[in-house]
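Participant: My questions are about this predicted structure, shown below with the sequence.
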Amino acid sequence: MRSTIKRPTDEEADLSGFQLFKKLTDQEFAQLNFDKTCSLYKKGNIIYREGSRLTGFYCITRGILKIFKTGIDGKEQIIRFVKKGDIIAYRSLLSQELACTTAKVIDEAVLCHIPYQTLLYLIQNNWQFSHHMLQIVCRELREANDYITDIAQKTVRERLAEVLLLLKDNFNLDNTNTLQISLTREELANMVGTATESVIRLLSEFKQDKLIDLQGRKIKFLDVPKLNRVANL
């Protein structure tokens, strides 16, 4: 459901910073801007649900979303978090399948919806755009393969350390070395693929080992090299 609080600013509706569109011609970029629909979404809004029919893909120009699948017991398995500069929902669109994940806003966001016909037009008429799109799909496939390997071969302790480092790389740290994304213990557990109680216990161990410090949901990094060793990277 779209928020009706306010409309996105012109800056928030600007797609010129997206690497995916750098090789478009002026005419193609003008068509993209004509076809797009940009909207503001509040925290908790669902952009699309697993099993729904998609009509286009989304470019994130502000905010943070979580992408997850729901297991047979109703438990979320978080696939990834996305932020400004990322695109979502394109894989199911390209394969003409129902959405295989759910996208939920966790920090007020602005998304620009690009219709399927526009995507098809760009793929058919600009080989550089098609090549970049293929690279994005291949990167996600590699990340999925890495995740499967980690689940099979790494301990929960190693996986949690790796998830923390991944979040650090994706969302950076502020000037106090604190992670700039606030997650619940349950969300961390859903990323790691374990019980919430296990994550709570391991975070306490990491704190005792002076790898991190905890301030509510905030996580401060104290020893990144040692955390890398724990993650067995």
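Facilitator: Noted; the coordinates are in hand. As the structure is a computational prediction, the values presented were derived from the model and not from experiment.
Participant: I'd like the distance between the spatially most central residue of the chain and L65.
Facilitator: Taking Cα atoms, centre = their mean as the criterion, V82 is the residue nearest the geometric centre of the chain, at 2.2 Å. Between V82 and L65 the computed distance is 5 Å (Cβ to Cβ, to the nearest Å). Yep, even glycine has a C-beta here, placed from its N, CA and C like the rest.
Participant: Report the set of residues contacting both of the two.
Facilitator: When Cβ atoms under 8 Å, 6 or more residues apart in numbering defines a contact, the residues bordering V82 and L65 alike are I88, A103.
Participant: Could you name the specific helix or strand carrying the residue lying closest to A13 once chain neighbours are set aside?
Facilitator: Leaving aside its sequence neighbours, A13 sits nearest to C38 (Cβ to Cβ, 6 or more residues apart in numbering; 4.2 Å). Element membership of C38 [criterion: DSSP states H and E] is strand 37-41.
Participant: Who are the packing partners of the helix or strand following that strand?
Facilitator: Remark: after strand 37-41, the chain's next helix or strand is strand 46-48, criterion DSSP H and E. Judged by 3 or more Cβ pairs under 8 Å, 6 or more residues apart in numbering; DSSP states H and E, strand 46-48 is in contact with strand 102-115.
Participant: Parallel or antiparallel, list what pairs with the strand it packs on.
Facilitator: The strands beside strand 102-115 in its sheet (DSSP bridges) come out as strand 37-41 (antiparallel), strand 46-48 (antiparallel), strand 56-70 (antiparallel).
Participant: got the buried residues for the shortest one?
Facilitator: Taking 16 or more other Cβ atoms under 10 Å as the basis for neighbour counts, the residues of strand 46-48 that come out buried are I47, Y48.
Participant: Touching it from outside, list them.
Facilitator: Applying Cβ under 8 Å, 6+ apart, the external contacts of strand 46-48 come out as 1, 41, 54, 58, 65, 88-89, 99, 102-105, 111.
Participant: Now tabulate the strands paired with strand 102-115 in TSV and tack on mean pLDDT and distance to D150.
Facilitator: Formatted as TSV, those follow (pLDDT from 0 to 100; distance: least, Cβ to Cβ, whole Å):
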stretch	mean pLDDT	distance to D150
strand 37-41	96	31
strand 46-48	97	27
strand 56-70	95	17
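Participant: E12: neighbour count?
Facilitator: Using other Cβ atoms under 10 Å, E12 is surrounded by 17 other residues.
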